[in-house]
Every structure is written in structure tokens, then in C-alpha cells.
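S.K.: Give me a 3D structure for the following:
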Amino acid sequence: MTGMGRCDRPSLAAGEPELPRSGDVLQVTREASVQFRVPIYFRVIRVHDWPTYAGWVWLDGYQLNDAGEATERRSIFVQTAGLRRVSGPTPAKNPRPGGRGGRRTAGTSPPAPPPPIAGV
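M.R.: Prediction:
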């Protein structure tokens with residue numbers, strides 16, 4: 001504790017789930033907060049050390065779509081007991097066509113189009 005009864009970092013009582021960490025992908029459901037009647041996937045950027053009620057925490061991060069891509073940056077106030085860690089790269093990302101994830105190296109041009117078909 002520091003002055004004014006504030007904790008330096010969010011702390012957990014015995015038996016509470018571990019706090020999320022930067023990079024964690026979570027499924028946030030109604031058990032975390034009533035605003036999440038429809039569950040979302042959330043990639044954590046930061047866990048704030050702001051004083052809150054016991055078992056609650058402020059998280060900064062990105063809401064993810066079904067492809068695992070960030071669609072919106074958000075700050076959410078949730079109960080740690082209602083957060084579900086998602087193991088592995090879920091939601092699954094679909095590989096992009098092109099073999100190398102669809103990315104080009106700086107200074108390279110896109111592949112040439114296929115030659116026209118004769119007689120068509």
C-alpha cells in the first residue's frame with residue numbers, strides 16, 4: 001500500500017485467477033461484466049493499476065474479429081474471475097493467398113499477371 005490506501009499494482013486475494021498479461025487473448029463474457037452479453041475476444045495491451053473494487057480490473061486492448069484481427073481499441077472494466085484465456089492463435093487466422101502471407105518486402109514489385117490465353 002502507498003498513501004491514501006491505494007495499491008501500487010492490482011493484487012489478488014487467495015484463490016483469485018491470475019491477472020492477464022500484455023499479449024494475452026481473452027474471451028470476455030457476461031461473467032466478466034454485464035455489458036458483454038455477447039462475448040468478445042480481446043487482446044490485452046495493458047493492465048492498469050488504477051484503484052478498483054476487489055476482483056475488478058481496467059484493461060486496455062483490442063477487440064478482435066472472428067479472423068483474430070484487431071477491429072477496435074478499447075478500455076474495459078471487468079471482473080478477473082469472468083475472463084477466459086484463449087490458448088493458441090484463436091480466433092483462427094486464415095492464411096492469405098500468395099504463399100508468404102500476402103506481404104511484400106520493401107522495394108519489390110508485385111508478381112506479374114499470368115500471360116493471356118491464346119485463342120480465347
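S.K.: residue ranges with poor pLDDT in this protein?
M.R.: Scanning the chain for pLDDT under 70 picks out 1-17, 88-113, 118-120.
S.K.: can you rerun that using 50?
M.R.: Low-confidence segments of the chain (pLDDT under 50): 1-14, 90, 92-96, 98-102, 104.
S.K.: Which residue ranges of it form strands?
M.R.: 25-28, 40-47, 56-64, 70-79, 83-85 (DSSP state E).
S.K.: out of those strands, which comes closest to residue 116?
M.R.: strand 70-79 (39.6 Å; Cβ to Cβ). C-beta here means a position set from N, CA and C on the backbone, and glycine is covered the same way.
S.K.: List the buried residues in the closest one.
M.R.: 76, 78-79 (16 or more other Cβ atoms under 10 Å).
S.K.: Now those residues in TSV, please, with extra columns for distance to residue 21.
M.R.: Compiled in TSV, the buried residues of strand 70-79 are given as follows (distance: Cβ to Cβ, whole Å):
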residue	distance to residue 21
76	16
78	15
79	17
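S.K.: mind listing what's buried in stretch 48-64?
M.R.: 56-59, 61-62, 64.
S.K.: Can you name the residues that contact residue 47?
M.R.: By Cβ atoms under 8 Å, 6 or more residues apart in numbering, the residues touching residue 47 are 10, 19-22, 57-59.
S.K.: got TSV for the residues you listed, with distance to residue 84 too?
M.R.: Below are those laid out as TSV (distance: Cβ to Cβ, whole Å):
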residue	distance to residue 84
10	18
19	14
20	10
21	15
22	17
57	15
58	18
59	13
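S.K.: Which of those residues sits closest to residue 115?
M.R.: residue 22 (49.0 Å).
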